[in-house]
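Student: What shape does this take:
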Amino acid sequence: MHAVGATHGHVGVVPEVEDLTHRALAMPRMRLALSGHRELVVSVAWSPDGKSLATASSDRTAKVWDVATGRELLTLAGHTDFVRSVAWSPDGRRLATVSADRTARVWAASGRTLLTLAGHEDRGIKEHPLEAGEAVDLAIQIAEALGEAHQRGVIHRDIKGSNLMVTDKGQVKVMDFGLAKVAGEPVHTREGATLGTAAYMSPEQARGEQVDQRTDL
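Tutor: Numbers count the residues shown, from 1 in each chain. Predicted coordinates:
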């Protein structure tokens, strides 16, 4: 599943170099604007064949677009809170969405819900008011979790509050390794493409350069 970072405002942007990123990053001239979400676009994902783009929005929907024409092909509606991320299956026949309503859904390419995964009790750190002592404890847990991943050669590349979940017992879980890079493995990404969420990227990640473990810190 090939996912890339968030866009600015309610519009998905497809520049000429097939790179998707926040407009504030001074990227090449925009080729196509995808407009249709009522609220912020928080995540986008290329289809495996590169012909379609899926967007996730805080308007509680995900949409699929034809990259060549900018035409909206499909709206995935059913979540009761904002959709955090969207991703394609490797064969391009299904999509998966994750929502702040604590569910994940698997969708057919027709837009029909195939599966709803519910029952999660955790909260994102952004939704969790923190006292100073608790913040320090959570920061230590996050550092330890990333340290374990880094020792195994895994670079997350999309660390942000909505990807850090806190259980009712105060345990941190690092979520959504959809953009993770494993050291030594080939990277199946368009040359020069920028992956991640623009507001949380390191400078080298925003420039589309090679990154190491430091990009997660």
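Student: The closest residue to residue 158 other than its chain neighbours: how many residues sit nearby?
Tutor: Closest residue to residue 158 apart from its sequence neighbours, by C-beta to C-beta, 6 or more residues apart in numbering: residue 179 at 4.7 Å. For glycine as for every other residue, the C-beta is placed from the backbone atoms N, C-alpha and C. Using other C-beta atoms under 10 Å, residue 179 has 24 other residues around it.
Student: SS state for residue 179?
Tutor: Secondary structure, DSSP: H, G, I helix; E, B strand; the rest coil: residue 179 is coil.
Student: my read: it touches residue 159, true?
Tutor: No. Between residue 179 and residue 159 there is no contact under C-beta atoms under 8 Å: 10.1 Å.
Student: What backbone torsions are found at the residue located most distally from the centre of the chain?
Tutor: Distance from the centre of the chain peaks at residue 133, with 29.3 Å (C-alpha atoms, centre = their mean). Per-residue torsions, residue 133: phi -60, psi -40 (degrees, to the nearest 10).
Student: which residues in this protein form helices?
Tutor: With DSSP state H as the criterion, the chain has helices at 132-151, 203-206.
Student: Centre of the chain to the longest one, how far?
Tutor: Put plainly, it is helix 132-151. Offset of helix 132-151 from its chain centre (C-alpha atoms, centre = their mean, to the nearest Å): 21 Å.
Student: so which of the helices of the chain comes closest to residue 169?
Tutor: helix 132-151 (11.5 Å; C-beta to C-beta).
Student: most packed of the helices of the chain?
Tutor: Neighbour counts (mean count of other C-beta atoms under 10 Å) averaged over each of those peak at helix 203-206, with a mean of 16.
Student: okay, that one in CSV with CA atoms only?
Tutor: Coordinates of the C-alpha atoms in helix 203-206 are reproduced here as CSV (Å, rounded to 0.1, in the frame of the first residue of the first chain):
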residue,chain,number,x,y,z
PRO,A,203,13.2,18.8,6.7
GLU,A,204,15.0,16.0,4.9
GLN,A,205,11.7,14.0,4.7
ALA,A,206,9.9,17.1,3.3
